[in-house]
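*Asks:* only geometry, no sequence info:
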């Protein structure tokens, strides 16, 4: 996954992004979760451009409720 912008890669500091595949559901979950958890506004805007609202919401629903303090971070 070398084509990720640096703002997104910064959210995945503990992962080898060159080995991550967007076709892998676990990798997609990790990317979405980490961007929501640690991402800048730029990273979140990138996320919304490249992943569906449905998939982002699914990650939120599968995650524990206290994982984020990002209320209002997602742009509509």
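*Replies:* Looks like it came in fine. Because the structure is predicted, anything quoted here is derived from the model rather than measured.
*Asks:* Skipping its backbone neighbours, what lies nearest the residue nearest the centre of the chain in space?
*Replies:* Centroid-nearest residue in the chain: residue 32, 2.2 Å away (criterion: C-alpha atoms, centre = their mean). Closest residue to residue 32 apart from its sequence neighbours, by C-beta to C-beta, 6 or more residues apart in numbering: residue 59 at 4.4 Å. To be clear about C-beta, it is placed using only N, CA and C from the backbone, and glycine gets the same treatment.
*Asks:* re earlier: who touches the residue nearest to the centre of the chain in this structure?
*Replies:* 47, 51, 55, 56, 59 (C-beta atoms under 8 Å, 6 or more residues apart in numbering).
*Asks:* Only whichever of those residues are buried, select them in PyMOL.
*Replies:* In PyMOL, a selection of the buried entries from those looks like this (16 or more other C-beta atoms under 10 Å):
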select buried, resi 47+51+56+59
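*Asks:* can you give me how far the longest helix anywhere in the chain is from the chain middle?
*Replies:* In the chain, taking DSSP state H as the definition, the longest helix is helix 25-38. Relative to the centre of its chain, helix 25-38 is centred 4 Å away, using C-alpha atoms, centre = their mean, to the nearest Å.
*Asks:* Ok, stretch 51-62 next?
*Replies:* 10 Å.
*Asks:* quick one: contacts of that stretch?
*Replies:* In contact with stretch 51-62 (C-beta under 8 Å, 6+ apart) are residues 28, 29, 32, 33, 36, 47, 48, 74.
*Asks:* Closest one of those to residue 18?
*Replies:* residue 28 (16.2 Å; C-beta to C-beta).
*Asks:* count of residues packed around that closest one?
*Replies:* 17 (other C-beta atoms under 10 Å).
*Asks:* Remind me which helix or strand the closest residue to it other than its chain neighbours belongs to.
*Replies:* Among residues not flanking residue 28 along the chain, residue 22 sits closest, at 6.1 Å (C-beta to C-beta, 6+ apart). For residue 22, there is no helix or strand it lies in under DSSP states H and E.
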